[in-house]
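Peer 1: I would like to see how this sequence folds:
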Amino acid sequence: MHQKDYSRQYLTYKQVCSRYGIGSTTLYRWIEQGRLPEGDKIGPRARRWNIRDLLKWERERMGEA
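Peer 2: So this is what the prediction gives:
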């Protein structure tokens, strides 16, 4: 079986919000609270999240349940 290479796949804040069923206010509150990876700042008002980092975060959260 082939492993999918997620190392170069990035999501916008809208895509992250959609993935978790949350709004932008909740997204940024989770970041401030340390509940979600910060993502990579790519400009003064732009941020992207590497899917690999989000998948790791999801696996870690599943261990908390």
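Peer 1: which other helices and strands contact the longest helix along the chain?
Peer 2: Using DSSP state H to assign secondary structure, the helix with the most residues in the chain is helix 51-64. For helix 51-64, the elements it packs on are strand 10-11, judged by 3 or more Cβ pairs under 8 Å, 6 or more residues apart in numbering; DSSP states H and E. To be clear about C-beta, it is placed using only N, CA and C from the backbone, and glycine gets the same treatment.
Peer 1: which elements pack onto the strand it packs on?
Peer 2: Counting by 3+ Cβ pairs under 8 Å, 6+ apart, strand 10-11 packs on strand 46-50, helix 51-64.
Peer 1: on that earlier part again, ok, and what's touching the longest helix of the chain?
Peer 2: The list of residues contacting helix 51-64 from outside it, by Cβ atoms under 8 Å, 6 or more residues apart in numbering, reads 6-7, 9-11, 16, 19, 36-37, 39.
Peer 1: now the two most distant members of these.
Peer 2: Every pair in the contacts of helix 51-64 was compared (Cβ to Cβ); the two farthest apart turn out to be Ser7 and Leu36, at 19.4 Å.
Peer 1: more crowded one of those two?
Peer 2: Leu36 (21 against 8; other Cβ atoms under 10 Å).
Peer 1: okay, and the residue nearest to that one when sequence neighbours are not counted sits in which element?
Peer 2: Taking Cβ to Cβ, 6 or more residues apart in numbering, and ignoring the residues beside it in sequence, Leu36 has Trp30 as its nearest neighbour in space, at 4.0 Å. With secondary structure defined by DSSP states H and E, Trp30 is part of helix 24-32.
Peer 1: which parts of that helix are buried?
Peer 2: Neighbour counts over helix 24-32 (16 or more other Cβ atoms under 10 Å) mark 27, 31 as buried.
Peer 1: okay, angle between the lowest-mean-pLDDT helix or strand in the chain and strand 46-50 too, please.
Peer 2: Within the chain, judged by mean pLDDT, DSSP states H and E, the helix or strand with the poorest mean is helix 51-64; its value is a mean of 90. Here the directions of helix 51-64 and strand 46-50 differ by 60 degrees (axes from the mean of the first three to the mean of the last three Cα atoms, to 10 degrees).
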